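*Asks:* quick one, what's the 3D model for this:
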Amino acid sequence: MGRREEPTDDVVRWSERAEQSLLASIMCDPDKFLVVDGIAEEADLYSERHRAIYHAVRAVYERSGVVSMETLAEELRLTRKMDAIGGPDYLVTVLDSSSSGVHTVHWANIVRNFSQKRQVERALMVGLDAVRRSGPTTSGRSETG
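*Replies:* Residues are numbered from 1 along each chain as shown. Model (predicted):
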């Protein structure tokens, strides 16, 4: 899968703050993972490094139910994703991005909404490409009526 960290045009395709805050909420209160998982999932995250963190949180949570900076960092090291996410410093940045888990569902909904918009955009682009490839059509009617 290609790198997609930053939007390439003026269209906003994601919210870094929402993704970081969602991850921070889960990291602070791993039980929030059960609430979030029904709203937003790994594929809904736009940032590759956020998807890697979410994946690691899920793996640790499913294995032990105990998600901490230590268990998360260890999982990222074992799966060789720590450097890809920006190292331990980025985990701290994510954790510091949200002061509480009160708005976890709010952040999950924002992440999901952006994901749905990207899905619609992709579908429209596929349709537009198909129309362009099909070329002009003739229906047997004249242009003037």
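
*Asks:* from here on, contacts and neighbour counts on C-alpha atoms
*Replies:* OK.

*Asks:* so where do the helices sit in the chain?
*Replies:* Secondary structure of the chain (DSSP state H): helices located at 16-28, 32-36, 48-64, 69-78, 82-85, 87-96, 104-134.

*Asks:* what's the third one in contact with?
*Replies:* Outside helix 48-64, the residues within contact range by C-alpha atoms under 8 Å, 6 or more residues apart in numbering are 3-5, 19-20, 23, 27, 30, 33, 42-43, 45, 66-67, 71-72, 75-76, 81, 84-86.

*Asks:* repeat that with 7 Å
*Replies:* Contacts with helix 48-64, where a contact means C-alpha atoms under 7 Å, 6 or more residues apart in numbering, come from 5, 23, 42, 45, 66-67, 71-72, 75-76, 81, 84-85.

*Asks:* swap in stretch 22-36?
*Replies:* Stretch 22-36 has contacts (C-alpha under 7 Å, 6+ apart) with 54, 67-68, 94-95, 97-98, 100-101, 104-105, 107-108.
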